[in-house]
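**Q** Predicted model and sequence follow; I will ask about them next.
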Amino acid sequence: MSAESPWPELPLQAWRATYETLHLWTQIVGKIRLTRAPWLNHSWHVALYATARGLTTSPIPDGTRTFQIDLDFIDHDLRIATSDGARRQFALAGQSVASFYAAIMAALDDLGIHLAIDEISSELPEPVRFSADNLHATYDPDAVRRFLQILVNVDRVFKQFRTGFLGKASPVHFFWGSFDLTVTRFSGRRAPRHPGGIPNLSDDVTCEAYSHEESSAGLWPGSGAIDYPAFYSYAYPEPPGFRTAKVGPNAAFFSEALGEFILPYDAVRNAAEPDRTLLEFLQSTYEAAADAAKWDRDALECPPGQPRVVRQV
């Protein structure tokens, strides 16, 4: 891993089949967390988190004990650990969605964790039940390791960006429905009811997720109109003037198809200073949203954090 570029190339067409399989595996893992974690605002209780080795659920309650599920993208296995010391694991390579589902449910059952999940994937058209999906069965370890390298670097930059905001902000977390790493800032004001309509996602969930004004940014591998890995930034509700605002860097643009600002991942990867380029996109698109919606920026913002330097108040 250390010999690889910190911002490796990962065009969507090169790993599309692996990405589609991995997307469904993360949905299974995320739905397991969903069955046990108490509801948290904006569905933050269902998200996964980046680690140095992949993705984790973080601890999940199960009665008086807890368990955790980790997808390891270095050793390429899935691990389940419980607070009473038990562990189970299996290899990711060679698994279809159906066999992955069978293996993880059997491992949980063997650990005395008895649960059932909704087998229909969320936010995807034409879903197939997990237990019947033998079509998605591709796993390219090299592509997954490169995805991990991208994930940990974006997580690092997103967390730095998050330090410049005093108001309500989400963790940097990974939503398995849309397969994106994201961070969100809030003005503190209520938003109009979201119209819903996301495929295979309850409108109640969508409306709760978008209950308050927000500026959200993230990274995803690409799909549909943006058929390449990209960063995005949007405002909900979209204020007048947002989409015509000047944002940076020069490679950023507003996608009319998605209703979001887009920055191709390759523009960051190939930049002389990738961190600075990404932070410019995050900050400028946030400012576009906050200024257009007249957020109280003086009350909500602070200088970016530094290690071991106490924020001045």
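**A** Great, that's in hand.

**Q** quick one: residue 233 and residue 286 touch, right?
**A** Yes - counting by Cβ atoms under 8 Å, residue 233 does reach residue 286; the two are 7.2 Å apart. For every residue, glycine as well, the C-beta is placed using N, CA and C.

**Q** Overlap of the contact sets of the two?
**A** 215, 217 (Cβ atoms under 8 Å, 6 or more residues apart in numbering).

**Q** May I see the buried residues of the longest strand along the chain?
**A** Assignment by DSSP state E gives strand 180-190 as the longest strand of the chain. Neighbour counts over strand 180-190 (16 or more other Cβ atoms under 10 Å) mark 180-187 as buried.

**Q** Format those as JSON lines; extra columns: distance to residue 57 and pLDDT.
**A** Below are the buried residues of strand 180-190 laid out as JSON lines (distance: Cβ to Cβ, whole Å; pLDDT from 0 to 100):
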{"residue": "180", "distance to residue 57": "17", "pLDDT": "98"}
{"residue": "181", "distance to residue 57": "15", "pLDDT": "98"}
{"residue": "182", "distance to residue 57": "17", "pLDDT": "98"}
{"residue": "183", "distance to residue 57": "19", "pLDDT": "98"}
{"residue": "184", "distance to residue 57": "20", "pLDDT": "98"}
{"residue": "185", "distance to residue 57": "24", "pLDDT": "98"}
{"residue": "186", "distance to residue 57": "24", "pLDDT": "98"}
{"residue": "187", "distance to residue 57": "30", "pLDDT": "98"}
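
**Q** could those residues go into a markdown table alongside distance to residue 262?
**A** Listed next are the buried residues of strand 180-190 as a markdown table, based on distance: Cβ to Cβ, whole Å:
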| residue | distance to residue 262 |
| --- | --- |
| 180 | 13 |
| 181 | 15 |
| 182 | 14 |
| 183 | 16 |
| 184 | 17 |
| 185 | 19 |
| 186 | 22 |
| 187 | 23 |
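
**Q** now, which of the residues you listed sits nearest residue 117?
**A** Nearest to residue 117, judged by Cβ to Cβ, of the buried residues of strand 180-190 is residue 180 at 21.0 Å.

**Q** Number of residues surrounding the closest residue to the closest one other than its chain neighbours?
**A** The shortest distance from residue 180 to any residue other than its chain neighbours is 3.7 Å, reached at residue 220 (Cβ to Cβ, 6 or more residues apart in numbering). Here the number of neighbours of residue 220 (other Cβ atoms under 10 Å) works out to 19.

**Q** residue boundaries of the helices in the stretch 1-150 of the chain?
**A** With DSSP state H, counting those that start in this stretch as the criterion, the stretch 1-150 of the chain has helices at 12-36, 97-110, 141-162.

**Q** And those: which comes nearest residue 302?
**A** Using Cβ to Cβ, the helices of the stretch 1-150 of the chain put helix 141-162 closest to residue 302, at 11.1 Å.

**Q** ok, now which ones touch residue 231?
**A** Here residue 231 is in contact with 217-219, 262-265, 268, 278, 281-282 (Cβ under 8 Å, 6+ apart).

**Q** repeat that with 10 Å
**A** Counting by Cβ atoms under 10 Å, 6 or more residues apart in numbering, residue 231 makes contact with 154, 157-158, 180-181, 217-220, 252, 260-265, 267-268, 277-278, 281-282, 285.

**Q** Are we agreed that it is in a strand?
**A** Yes - counting by DSSP: H, G, I helix; E, B strand; the rest coil, residue 231 is part of a strand.

**Q** now it, which residues is it bridged with?
**A** residue 219, residue 263 (DSSP bridges).

**Q** how close does the spatially closest residue to residue 163 that is not a sequence neighbour sit to residue 161?
**A** Nearest residue to residue 163, sequence neighbours excluded (Cβ to Cβ, 6+ apart): residue 305, at 3.3 Å. As judged by Cβ to Cβ, to the nearest Å, residue 305 and residue 161 stand 10 Å apart.
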